[in-house]
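Colleague: quick one: sequence and predicted model below, then my questions.
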Amino acid sequence: MSIPVPLNELGATLAAYPWGYLVTVSDDMRPHSLAVPTRFEGGSLRVTAGRSSLHNIVARPEVMMVFPHPTASEYSLIVDGTASVDGGEVMLITGHAVLHRPALRPGG
């Protein structure tokens, strides 16, 4: 089950998720993920990324971020959008965000 997150509420929603996985696509079309702390500034997500992620974003700017909830049985936040490189940082303009429930509950 997914619950849409209105983009104007994304900053408040992100308060419960101190870090996330930035998922990009490499030159050989494989997913590349990087665990990063994230800031929400001026309506966009900002993260510091490594060389591979920055290269991937320049070539293929459509990215996804997955923010697992610190409690395994709670909803994870999934955000997708278009990223750009701003110095050594990634700026993600969000296109869509949802809270997604775990498929299986722990212990059952």
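Modeller: Received, thanks.

Colleague: residue ranges in the protein under the pLDDT threshold?
Modeller: For the chain, the stretches with pLDDT under 70 are 104-108.

Colleague: go with 80
Modeller: Residue ranges of the chain with pLDDT under 80: 1, 103-108.

Colleague: which residues does the spatially most central residue of it contact?
Modeller: Nearest to the geometric centre of the chain sits Met65, at 1.7 Å (CA atoms, centre = their mean). Listed by CB atoms under 8 Å, 6 or more residues apart in numbering, the contact set of Met65 reads Gly20, Tyr21, Leu22, Val23, Thr38, Leu45, Ile78, Val79, Asp80, Leu92. For every residue, glycine as well, the C-beta is placed using N, CA and C.

Colleague: mark which of those residues are part of strands, please.
Modeller: Those of the contacts of Met65 mapping onto strands are Gly20, Tyr21, Leu22, Val23, Leu45, Ile78, Val79, Asp80, Leu92, per DSSP state E.

Colleague: show me which residues of stretch 59-66 are buried.
Modeller: Pro61, Val63, Met64, Met65, Val66 (16 or more other CB atoms under 10 Å).

Colleague: now, which of these sits nearest Leu99?
Modeller: Of all these, Val66 has the smallest distance to Leu99: 11.6 Å, by CB to CB.

Colleague: name the element that closest one belongs to?
Modeller: Element membership for Val66, per DSSP states H and E: strand 62-67.

Colleague: which strands border that strand, and is each parallel or antiparallel?
Modeller: Next to strand 62-67 in the sheet, as set by DSSP bridges, lie strand 19-25 (antiparallel), strand 76-86 (antiparallel).

Colleague: tell me which of those strands sits nearest to Pro102.
Modeller: Pro102 lies closest to strand 76-86 among those, at 7.3 Å (CB to CB).

Colleague: buried ones in the closest one?
Modeller: Neighbour count says strand 76-86 has Ser76, Leu77, Ile78, Val79, Asp80, Gly81, Ala83 buried, by 16+ other CB under 10 Å.

Colleague: now those in CSV, with distance to Thr13?
Modeller: Below are the buried residues of strand 76-86 laid out as CSV (distance: CB to CB, whole Å):
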residue, distance to Thr13
Ser76, 11
Leu77, 6
Ile78, 11
Val79, 9
Asp80, 15
Gly81, 15
Ala83, 19
